[in-house]
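Here is a sequence with its predicted model. Questions after.
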Amino acid sequence: MRVPKRRGMSLRARVIAGFGAIAAVAIVVAVIVTASTTSYQVDQLDDRLASFAGPSSIDQPIQDLRGGPPGDLDRPSDAFRGYVSADGQAYVFLRPNVENAPESLPHIEVAALDPDQATYLTVPAEAGGGEFRVLARPAGNGWDITAMSMDDVNAAMQRLITIEAIGIALMLAGLAVVAWWVIRLGVNPMRRMVDASARIADGDLAVRLEGAGSGSESAELAASLNAMIGTLTSSLEERERSEMRLREFVADASHELRTPLTTVLGYSELHRRGALRLKADQTDAWSRTEAEALRMKRLVDDMLELARYDAEPELSLEQIDLAALVADTVAGAVAAFPDTTFEVSSDAAAVVADPDRLRQALLNVLTNAATHGGTEVTVTVAQLDAGARVTIADDGPGMSPAIAARATERFVRGDASRQRATGGAGLGLAITAAIVEAHGGALAVDSIEGAGTTVTFTLPRG
């Protein structure tokens with residue numbers, strides 16, 4: 001059986017893709033946060049520039065601008081004030097007086113300035129690195145310049161980027177660990193179970209599934225599937241055994257019916273050809289034909305009875321004295337088999353059973369013991385807490401362990417040669433076992449070659 005190919009992404013690929021998407025979203029969010037924070041801080045810096053620069057007129061003469069704020073203020077300031085003429089000449093009116101203020105000046109290109117309106121722009125420092133945020137407003141024949149260093153903004157953004165990078169790295173590491181854990185405990189066991197299932201589908205029922213570990217869903221699924229496979233295997237083995245028993249049953253039944261049918265057909269053929277001219281020969285032929293017909297009838301009746309027990313046996317249950325029933329059945333066996341000695345040892349025992357069926361079961365065992373056993377048969381009845389036990393033992397030749405283990409199967413006989421002189425068709429113990437099981441009891445056969453056979457069956461109290 002071919003397992004259909006998987007279409008689309010595997011579960012492992014989907015897990016990895018899902019975690020990759022989470023990582024991508026986290027990186028995009030970090031970029032957006034960084035850009036928004038940078039924009040916000042630059043806007044704040046622009047507000048400070050506008051506040052520090054104060055009002056300005058585009059027609060204000062350069063002399064007044066140069067006579068503006070003094071070079072040193074009484075209050076701390078981190079701003080540059082200056083002027084850039086149209087020809088690019090720069091004048092500085094005010095430098096920052098705070099600690100760690102940059103010494104370098106902003107490098108301003110005239111081409112980047114707008115002659116008609118105020119312009120905010122970010123420019124590099126003339127020396128030493130760094131950047132400045134500049135507010136350039138048209139004034140006279142040039143631009144009024146207010147500038148502040150962006151070192152604090154850049155440092156804050158650098159710290160933010162570092163924190164985000166560390167956080168994203170830790171998150172990616174955590175996602176990698178989680179992905180590894182999910183794949184190891186969830187996906188890989190499922191992959192192994194798929195491979196094992198494919199082998200099982202190909203007919204290898206010895207394969208068992210393996211989950212991730214005790215308590216996990218894959219382990220519970222593997223345990224359930226293993227139990228199902230075990231049940232399926234047992235069912236298939238039982239079906240094979242049933243089919244084998246059926247084949248044996250058909251072969252045995254054919255064998256048992258073939259001999260009487262051959263006898264009947266043989267005498268019929270002799271009669272048809274006129275070979276039985278003498279009255280004595282005819283009488284003998286019809287006697288033998290009748291005997292074989294009766295043997296076939298008994299065989300068919302036994303098989304029909306077993307079939308009824310296989311379906312739904314009909315029992316007429318009542319409270320009976322088991323010891324009395326056993327004594328009465330043994331008395332009948334004594335009359336039928338005068339050459340066999342029967343000994344009975346019984347306790348008072350009462351069970352709920354069908355007396356006729358139970359008598360039949362007892363008689364079958366006693367007949368086997370007297371016919372195939374020795375010269376002594378011992379019958380014991382014992383009272384149990386949950387019911388009663390009947391034991392029938394003989395001192396006959398016994399059976400091999402292989403035959404004893406199958407003694408209750410149909411057409412199983414201790415004499416494998418199936419000679420007619422040694423007994424019937426091998427259905428007696430099978431019928432007895434069916435009767436005992438129909439009563440809810442159990443039958444056991446214990447036999448040793450050369451040491452006799454013991455048949456024990458127990459019956460519930462009812």
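It's in. Numbers count the residues shown, from 1 in each chain.

Give me the helices and strands touching the helix or strand that contains residue 147, please.
Secondary structure assigned from DSSP states H and E places residue 147 in strand 142-149. In this structure, strand 142-149 packs against helix 11-53, strand 79-85, strand 131-139, with contacts taken as 3 or more C-beta pairs under 8 Å, 6 or more residues apart in numbering; DSSP states H and E. Backbone N, C-alpha and C define where each C-beta goes, glycine included.

how about TSV for those, with mean pLDDT, distance to residue 274 and mean neighbour count added?
Listed next are the helices and strands packed on strand 142-149 as TSV, based on pLDDT from 0 to 100; distance: least, C-beta to C-beta, whole Å; neighbours: other C-beta atoms under 10 Å:
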stretch	mean pLDDT	distance to residue 274	mean neighbour count
helix 11-53	87	87	14
strand 79-85	89	148	21
strand 131-139	91	136	22
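
and of the ones you listed, who's closest to residue 340?
helix 11-53 (74.7 Å; C-beta to C-beta).

Could you identify the helix or strand that succeeds the strand holding residue 147?
helix 151-182.

Who are the packing partners of the very next helix or strand once past that following helix?
As assigned by DSSP H and E, the chain's next helix or strand after helix 151-182 is helix 188-201. Contacts defined by 3+ C-beta pairs under 8 Å, 6+ apart place helix 188-201 against helix 217-273.

what's the angle between the helix it packs on and helix 188-201?
10 degrees (axes from the mean of the first three to the mean of the last three C-alpha atoms, to 10 degrees).

What mean pLDDT does helix 217-273 get?
On average, the pLDDT along helix 217-273 is 74.

one step back: the helices and strands packed on strand 142-149: which one's closest to residue 374?
Judging the helices and strands packed on strand 142-149 by C-beta to C-beta, what sits closest to residue 374 is helix 11-53, at 71.7 Å.

just checking, what packs against that closest one?
strand 79-85, strand 119-124, strand 131-139, strand 142-149, helix 151-182.

Now distance to residue 202 too, for those, in a markdown table please.
Below are the helices and strands packed on helix 11-53 laid out as a markdown table (distance: least, C-beta to C-beta, whole Å):
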| stretch | distance to residue 202 |
| --- | --- |
| strand 79-85 | 83 |
| strand 119-124 | 71 |
| strand 131-139 | 71 |
| strand 142-149 | 76 |
| helix 151-182 | 29 |
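
Can you give me the domain assignment for this structure?
208-311, 313-460 (automatic domain parsing).

any chance of those in JSON lines, plus distance to residue 83 and mean neighbour count?
Output for the domains of the chain, formatted as JSON lines (distance: least, C-beta to C-beta, whole Å; neighbours: other C-beta atoms under 10 Å):
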{"stretch": "domain 208-311", "distance to residue 83": "75", "mean neighbour count": "14"}
{"stretch": "domain 313-460", "distance to residue 83": "117", "mean neighbour count": "18"}
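
where among those domains is the average confidence lowest?
domain 208-311 (a mean of 73).

what helix or strand does residue 129 sit in?
Here residue 129 is assigned to no helix or strand, by DSSP H and E.

and it, how many residues sit next to it?
Other residues within reach of residue 129, judged by other C-beta atoms under 10 Å, total 9.

May I see the helices and strands packed on strand 142-149 arranged in CSV, with distance to residue 278 as well?
CSV is the format used below for these (distance: least, C-beta to C-beta, whole Å):
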stretch, distance to residue 278
helix 11-53, 91
strand 79-85, 152
strand 131-139, 141
